[in-house]
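Generate coordinates for the sequence data below:
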Amino acid sequence: MAHKMTIIATTAMGVEAVAADELRKLGYREISVENGKITFSGDPIDICRANLWLRTADRVRLKVGEFKAVTFDSLFEQTKALPWPDLLPRNAAFPVAGKSHKSGLHSVPDCQAIVKKAIVSSMKKRYRQEWFPEDGPIFNVQVALNKDIATLSIDTSGAGLHKRGYRRLHNRAPLKETLASTMIYLSRWSPDRPFVDPFCGSGTLPIEAAMIGQNIAPGFNRSFISEDWPIFTGGEWRRAREEAENMADYDQALNILSSDIDHKMVELSEHNAREAGLSGAITFKQMQVADFATKEGFGCMIGNPPYGERMGERRSIEQICRDLGRLFKENKSWSFYFISSFQEFESYFGRRASKKRKLYNGRIRADFYQYFGKKFDS
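Model prediction:
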């Protein structure tokens, strides 16, 4: 397909601007940002690049069409008119998922069935056959209705983009890799500065930081559902992976400390860093946050402090917040960034955050507290 494709990168709420900035840094210019998604245009290889490089997006979808649909007939006819046979081979498996928000066509199962029927009808015309075995590559089709506008798209990622492939083992409440990257982006940390995560858990924050610091594509060590699609017969995936390999800077020196009070978490972090090929780039230490001390200037502390409702847990969380506040006072050139759903974080920390931002870890709403140290002078 020679003409440009419309590509959608979906994100968690509140992350759209960060993902749009990532796309601009990757060289995309015509970007439109809406709730939970960023739309841009590109060639097939741009689908590969977006999947390999986007650190904060959830998944990459190929938009097939968009139109107003207030009746099932209209949904059927307009779906059928879209160029499905240009994308789907005759043996394609194409399950249809759906969602509907503030739309007249609110029965999702009916919308899914109609879209499926319309795609089959379009395929019959092109391939001149009555029945499709659906035993080939998978194309997960989605019909999303929002205020009577139907958007038809196909998922190109497969597993969500947060699944980087290095974290086969994790603690009970892991920070999503995409959220960890969002936090690092918002901190404006750069690889020439020290980076400390004092609550490392599975090691997600330090590993994501090391990947950012060495410009390693987050999707480099995983596969994607669209790799065997016919639109990628020109070696686009291979080329995009070669580009990523050439752009990585494995020699970039990093000063990243990953610590936790629990030695099991430190071991878990070390294991996951080894899986990511980054154990040499990160220092691991068993330590409680109150014992942190440094002579380094202009560092960045980023973390996901523990949070629990039980009384004993609450007391220890209050103490952790006090310790963090004291460390901030003692290290005036450092900037501190913490994500927490503990509503009284600022009062126990001892000062209002320089900036506060709402983020979601899965479905849990949390605040990202940002405390800026003295301006980092590069």
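
Now do the same contact list for S121.
If a contact means Cβ atoms under 8 Å, 6 or more residues apart in numbering, then S121 has F76, K80 as its contacts. The way it works is simple: take the backbone N, C-alpha and C, and place the C-beta from them, glycine included.

Please repeat the previous calculation with a cut-off of 7 Å.
With contacts defined as Cβ atoms under 7 Å, 6 or more residues apart in numbering, S121 is in contact with K80.

quick check: mean pLDDT across the strand or helix carrying it?
Using DSSP states H and E, the element containing S121 is helix 108-127. Per-residue pLDDT values over helix 108-127 give a mean of 97.

Just checking the distance from that helix to the centre of its chain.
In terms of Cα atoms, centre = their mean, to the nearest Å, the centre of helix 108-127 is found 31 Å from the chain centre.

right, and the helix or strand after that helix?
Downstream of helix 108-127 (by DSSP H and E), the next one is strand 140-146.

Which SSE is immediately downstream of that following strand?
strand 149-155.

From the contact counts, what lies against that next one?
strand 59-68, strand 140-146 (3 or more Cβ pairs under 7 Å, 6 or more residues apart in numbering; DSSP states H and E).

okay, the ones you listed, which one's buried deepest?
strand 140-146 (a mean of 21; mean count of other Cβ atoms under 10 Å).

could you check the angle strand 59-68 makes with the helix or strand harbouring A50?
When elements are assigned from DSSP H and E, A50 belongs to helix 44-53. Counting by axes from the mean of the first three to the mean of the last three Cα atoms, to 10 degrees, helix 44-53 points 130 degrees away from the direction of strand 59-68.

Would you map the strands across this structure?
In the chain, the strands defined using DSSP state E lie at 5-10, 32-34, 37-42, 59-68, 96-101, 140-146, 149-155, 195-197, 256-260, 282-286, 300-303, 335-340, 355-361, 364-371.

TSV for those strands, including distance to S347 and mean pLDDT?
Output for the strands of the chain, formatted as TSV (distance: least, Cβ to Cβ, whole Å; pLDDT from 0 to 100):
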stretch	distance to S347	mean pLDDT
strand 5-10	36	98
strand 32-34	34	97
strand 37-42	36	97
strand 59-68	38	98
strand 96-101	37	97
strand 140-146	39	98
strand 149-155	43	98
strand 195-197	23	98
strand 256-260	25	97
strand 282-286	29	98
strand 300-303	18	98
strand 335-340	12	97
strand 355-361	13	93
strand 364-371	12	94
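
Same list (those strands) but as JSON lines, adding distance to N272.
Compiled in JSON lines, the strands of the chain are given as follows (distance: least, Cβ to Cβ, whole Å):
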{"stretch": "strand 5-10", "distance to N272": "25"}
{"stretch": "strand 32-34", "distance to N272": "32"}
{"stretch": "strand 37-42", "distance to N272": "29"}
{"stretch": "strand 59-68", "distance to N272": "22"}
{"stretch": "strand 96-101", "distance to N272": "31"}
{"stretch": "strand 140-146", "distance to N272": "28"}
{"stretch": "strand 149-155", "distance to N272": "26"}
{"stretch": "strand 195-197", "distance to N272": "13"}
{"stretch": "strand 256-260", "distance to N272": "10"}
{"stretch": "strand 282-286", "distance to N272": "10"}
{"stretch": "strand 300-303", "distance to N272": "16"}
{"stretch": "strand 335-340", "distance to N272": "19"}
{"stretch": "strand 355-361", "distance to N272": "18"}
{"stretch": "strand 364-371", "distance to N272": "22"}
